[in-house]
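Colleague: Model the following, please.
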Amino acid sequence: MDIKIKGITEEIMEIALGRALEARLNILGRMNQIIGQSRTELSANTATMIAIKIGTDKIRDVIGKGGATIRAICEETKASIDIEDDGSIKIFGETKDAAEAARQRIRQHPASCPSKAWQRPRLRAFNHPQALAQ
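Modeller: As a prediction, this is how the structure comes out:
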């Protein structure tokens, strides 16, 4: 070990590093006693990030004319929204509720649905003789 300070020997460094390791392990042990396992859910007041994906052809619709739609969502929900060229959307909220509200607003927009589930089903009439026979 390269020690630049005169008077500090290798023995002193070994003792200091040994004590630091012991103190660190003591702190980790006490933390483990209080919090025995990881929490399964974060607090509702914790900053939250949600990732969703939409079709690339729908990005323009979610952003809106001149960014009006996405700006309105950000202002109303107090969330920050990043949209990538591949359709990935990252929603950052100061609270879980803010991020969820922004996700709901985006999902309510028909253009953002990845499938066409938001459209009404089409009824088809088959006038072909073979279709009527089945």
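Colleague: next one: the helix ranked longest in the chain to chain centre, how far?
Modeller: Across the chain, the longest stretch assigned as helix under DSSP state H is helix 10-34. In terms of Cα atoms, centre = their mean, to the nearest Å, the centre of helix 10-34 is set 35 Å apart from its chain centre.
Colleague: Could you do stretch 59-74 as well?
Modeller: So, by Cα atoms, centre = their mean, the centroid of stretch 59-74 is 20 Å from its chain's centroid.
Colleague: what's the span of that stretch, first residue to last?
Modeller: One end of stretch 59-74 to the other measures 16 Å (Cα to Cα, to the nearest Å).
Colleague: Mind listing residues that contact it?
Modeller: The list of residues contacting stretch 59-74 from outside it, by Cβ atoms under 8 Å, 6 or more residues apart in numbering, reads 54, 79-81, 83, 85, 87, 89, 102, 105-106, 109, 111-112. Every C-beta, even on glycine, is put in place using the N, C-alpha and C of the backbone.
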